[in-house]
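Undergrad: below is the structure, and that's it, no one-letter string:
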């Protein structure tokens with residue numbers, strides 16, 4: 001099968017072996033997949049991953065331990081868990097001690113003709129959601145995770161740092177709660193989408209940090225994001241970290257103590273909630289698509305995805 005593989009470098013492999021199924025698995029023929037910031041960070045050394053990249057996808061089930069899934073169009077949760085460890089048994093299966101993670105940790109990903117996942121990881125997609133939108137289920141679920149971790153009220157002042165793919169999804173999810181939310185970024189062409197969505201936005205160069213925000217969500221994909229977040233949030237406020245970054249940099253963490261801040265890491269989220277939001281069109285994802293490219297163009301597609309004027313690049317695989 002065709003696949004986009006990262007080893008010492010990123011390369012297109014036209015003859016990658018198809019994944020071998022294990023007990024309880026499904027085989028999914030991938031139709032489309034999206035390049036995200038985590039994929040870019042992996043090519044810079046994040047997680048030390050080697051293999052087929054990609055974890056945002058939509059495809060058709062060709063074989064499954066659950067016969068009712070065969071022939072269905074699906075998306076898939078990325079954490080493959082044991083179901084037996086203390087984390088799984090306590091309801092924290094995304095933090096399974098024995099987990100593999102699709103295209104990120106010990107599990108080949110979805111930038112390929114076929115991907116293997118446990119059948120119970122799969123979610124059928126209704127006909128009202130097309131393939132372009134379905135690719136966004138995984139990152140949109142990650143955006144909704146913020147609402148599971150902190151209480152947002154109509155008078156909660158929230159800033160989203162970063163005008164990239166995830167930041168703009170988080171901003172829309174927060175806007176729908178009715179709270180005052182703004183996006184701070186570096187790129188006027190990306191921030192222009194916020195005006196379309198009736199979300200306030202400001203260029204980073206125009207910001208004077210005032211320590212006045214109740215919650216700051218860091219989606220910058222930069223090691224410096226947390227330090228800026230600490231300058232923006234009020235004492236005893238909350239900083240939510242959504243960024244995964246390969247480059248380690250020294251951090252000045254004394255504000256955590258002085259301002260008694262709460263820091264929350266935030267990762268994967270509720271797929272069903274994301275699917276519902278796409279079905280009722282309460283979140284706009286189509287405006288985030290910058291390019292569609294074939295899997296054979298995968299190496300070039302990664303170069304395109306790194307550009308500051310690009311949001312989402314979709315790999316067309318089927």
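TA: That came in fine, so what should we check first? Every value quoted in this text rests on a predicted model; they were computed, and no experiment measured them.
Undergrad: any idea of the pLDDT on residue 247?
TA: You'll see residue 247 listed with a pLDDT of 70.
Undergrad: nearest spatial neighbour of it, skipping sequence neighbours?
TA: Distances taken as Cβ to Cβ, 6 or more residues apart in numbering put residue 223 closest to residue 247, at 5.6 Å, once the chain neighbours are dropped. Yep, even glycine has a C-beta here, placed from its N, CA and C like the rest.
Undergrad: try residue 75
TA: In space, and not counting its chain neighbours, residue 75 is closest to residue 137: 4.4 Å by Cβ to Cβ, 6+ apart.
Undergrad: now that neighbour: how far from residue 259?
TA: 36 Å (Cβ to Cβ, to the nearest Å).
Undergrad: if you count what's nearby, which of these two comes out ahead?
TA: residue 137 (29 against 16; other Cβ atoms under 10 Å).
Undergrad: and the more buried one, how far is that from residue 59?
TA: Counting by Cβ to Cβ, the gap from residue 137 to residue 59 is 12 Å.
Undergrad: do the same with residue 16
TA: 16 Å.
Undergrad: tell me who's in contact with the residue nearest to residue 247.
TA: 245, 247-249, 251 (Cβ atoms under 8 Å, 6 or more residues apart in numbering).
Undergrad: most neighbours, which of these?
TA: residue 245 (19 neighbours).
Undergrad: residue boundaries of the helices in this protein?
TA: 37-42, 86-89, 131-134, 137-149, 165-175, 188-196, 225-232, 254-258, 271-279, 298-305 (DSSP state H).
Undergrad: relative to residue 219, which of the ones you listed is closest?
TA: helix 165-175 (3.6 Å; Cβ to Cβ).
Undergrad: quick one, domains of the protein?
TA: Domain assignment of the chain by automatic domain parsing yields the ranges 3-136+285-316, 140-265.
Undergrad: among the ones you listed, where is the model least confident on average?
TA: Among these, domain 140-265 scores lowest, at a mean of 94.
Undergrad: now the strands for the stretch 1-150 of the chain?
TA: 3-6, 10-13, 25-35, 51-52, 56-64, 73-76, 79-80, 100-101, 114-118, 122-124 (DSSP state E, counting those that start in this stretch).
Undergrad: now tabulate those strands in TSV and tack on distance to residue 218 and mean neighbour count.
TA: Formatted as TSV, the strands of the stretch 1-150 of the chain follow (distance: least, Cβ to Cβ, whole Å; neighbours: other Cβ atoms under 10 Å):
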stretch	distance to residue 218	mean neighbour count
strand 3-6	25	24
strand 10-13	26	16
strand 25-35	21	23
strand 51-52	28	20
strand 56-64	20	23
strand 73-76	26	24
strand 79-80	22	22
strand 100-101	21	19
strand 114-118	29	24
strand 122-124	28	17
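Undergrad: stretch 189-207 spans what distance, first to last residue?
TA: Using Cα to Cα, to the nearest Å, the end-to-end distance of stretch 189-207 comes to 18 Å.
Undergrad: for stretch 155-165, same thing?
TA: Start-to-end span of stretch 155-165 (Cα to Cα) is 26 Å.
Undergrad: and stretch 11-23, by the same measure?
TA: 30 Å.
Undergrad: got a list of what the spatially most central residue of the chain touches?
TA: Nearest residue to the geometric centre of the chain (Cα atoms, centre = their mean): residue 139, 3.3 Å. By Cβ under 8 Å, 6+ apart, residue 139 lies in contact with 34, 36, 56, 165-166, 169.
Undergrad: can you check residue 244 too?
TA: 37-38, 41, 46, 221.
Undergrad: try it again at 6 Å.
TA: 38, 41 (Cβ atoms under 6 Å, 6 or more residues apart in numbering).
Undergrad: same check on residue 32?
TA: Residue 32 touches 58, 131, 135, 314, 316, counting by Cβ under 6 Å, 6+ apart.
Undergrad: mind checking how far residue 116 is from residue 259?
TA: Residue 116 is 46 Å from residue 259, by Cβ to Cβ.
Undergrad: swap in residue 240?
TA: Per Cβ to Cβ, residue 240 is found 15 Å from residue 259.
Undergrad: and what of residue 191?
TA: 28 Å.
Undergrad: what of residue 308?
TA: Noted for residue 308: a distance of 31 Å to residue 259, by Cβ to Cβ.
Undergrad: what does residue 317 give?
TA: 47 Å.
Undergrad: same question for residue 32.
TA: Where residue 259 is concerned, residue 32 sits at a distance of 44 Å (Cβ to Cβ).
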